[in-house]
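# Starting from these lines, generate the structure:
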Amino acid sequence: MPSSSASRTTALSSPLWALPLLAACTGPAADPEPPTLRTIGSSTVGHFIRDADEVYEGSRFVIDTEPESAGGVRAILERTADLAGVADRPSSEVLKAGAAATLIGRDAIAVIVHADNPLSALTSSDLRGIFTGRIER
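Predicted coordinates:
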C-alpha cells in the first residue's frame with residue numbers, strides 16, 4: 001500500500017536487438033503459402049513482431065517469447081529460428097554464425113526505492129552489480 005512518503009526512481013535504458021538469421025532471407029519460397037518466420041527470444045521484441053504480423057500480410061510469424069533473450073541467441077546459433085529478439089548487444093560468436101544485428105529500440109527499466117529506505121544513491125553500476133549478483137548487500 002502506498003505511503004505518504006515519496007519514492008525515488010532510477011531509470012535505465014536497455015537496448016533491444018533483432019537478430020535475423022541471414023540464411024532465412026534467401027528468396028521467395030516455391031510454395032504459394034506465405035512464408036512463416038519463427039521468432040524466439042525477448043518478450044519485448046515479441047510485441048514488435050506481433051504488430052508486424054498484422055502489417056505484413058505476405059508473411060506469417062510464429063512467436064515464442066518463453067525462453068527470453070538467452071533462448072533467442074541459442075535459437076540463432078542452433079538455426080532453429082529465423083528471428084531472435086535479444087536485450088544485449090550480440091556477441092561476435094553470434095554474428096560470425098551468420099546473424100545480422102539491428103537495433104530496433106530501447107527498453108526503459110525503472111528501479112523504485114521507497115523513501116524510507118536508507119539508501120541515498122544508486123548508480124547504473126550499482127544496479128548492474130545487484131542484478132548480476134556481484135553486489136548482495
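# measure stretch 59-69 end to end?
Taking C-alpha to C-alpha, to the nearest Å, the first and last residues of stretch 59-69 lie 23 Å apart.
# what's in contact with it?
Outside of stretch 59-69, the residues within contact range by C-beta atoms under 8 Å, 6 or more residues apart in numbering are 34-43, 45-46, 49-50, 52-53, 71, 74-75, 85-88. In this view, the C-beta of every residue, glycine as well, is placed from N, C-alpha and C.
# if you look at the residues you listed, which of them are in strands?
Secondary structure from DSSP state E places 36-41, 85-86 of these in strands.
# can I get those residues in CSV with distance to residue 62 and neighbour count?
As requested, the ones in strands among the contacts of stretch 59-69 are arranged in CSV below (distance: C-beta to C-beta, whole Å; neighbours: other C-beta atoms under 10 Å):
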residue, distance to residue 62, neighbour count
36, 6, 11
37, 7, 21
38, 5, 17
39, 7, 27
40, 9, 29
41, 13, 32
85, 13, 28
86, 18, 26
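# which of the residues you listed lies closest to residue 134?
For those, the minimum distance to residue 134 (C-beta to C-beta) is 21.7 Å, reached by residue 86.
# thought that closest one was touching residue 42?
Yes. In this structure, residue 86 is within contact of residue 42 by C-beta atoms under 8 Å, at 5.8 Å.
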